[in-house]
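Visitor: what's the 3D shape of this:
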Amino acid sequence: MDEADFMRGRVYGADHDDWGPRPDRAYAELVGGPLDGLLLDVTDRADGAPHEVALTTEIGRYGPGGRALYARRPSDARRFDWRGDAPGAP
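Guide: Residues are numbered from 1 along each chain as shown. Take a look at the predicted model:
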């Protein structure tokens with residue numbers, strides 16, 4: 001099993017001991033980039049999901065503290081496509 005297979009189906013930001021999706025929550029899949037295959041919890045968001053997100057990650061272009069940028073796919077609100085990486089806040 002490689003790292004991509006290990007991460008697939010995990011919830012972004014979840015505890016290591018409780019990483020899976022919950023039946024009472026709504027999720028969008030992150031597609032492409034360093035967080036490919038992770039699920040983003042969009043349960044309490046207006047209209048089900050934000051349009052764009054900047055998620056902290058250690059495995060992107062900018063290393064620890066960097067951000068992976070994702071935007072909601074216009075044809076499928078349950079998927080967010082990778083748009084690139086950005087440095088973290090100083």
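Visitor: quick one: low-confidence parts of this structure?
Guide: 1-8, 16, 46-50, 90 (pLDDT under 70).
Visitor: 80 - rerun?
Guide: Where the chain drops to pLDDT under 80, the residues are 1-9, 13-20, 45-50, 89-90.
Visitor: where do the strands sit along it?
Guide: 27-31, 39-41, 52-57, 66-73, 76-86 (DSSP state E).
Visitor: out of those strands, which is closest to residue 20?
Guide: With Cβ to Cβ as the criterion, residue 20 lies closest to strand 39-41 of the strands of the chain, at 8.9 Å. Glycine gets a C-beta too; all of them are placed from N, C-alpha and C.
Visitor: and the contacts of that closest one?
Guide: 9-13, 21, 25-30, 49, 53, 55, 70, 80 (Cβ atoms under 8 Å, 6 or more residues apart in numbering).
Visitor: and for stretch 61-73?
Guide: Stretch 61-73 is contacted from outside by 28, 30-31, 33-35, 40, 49-58, 60, 79-89, using Cβ under 8 Å, 6+ apart.
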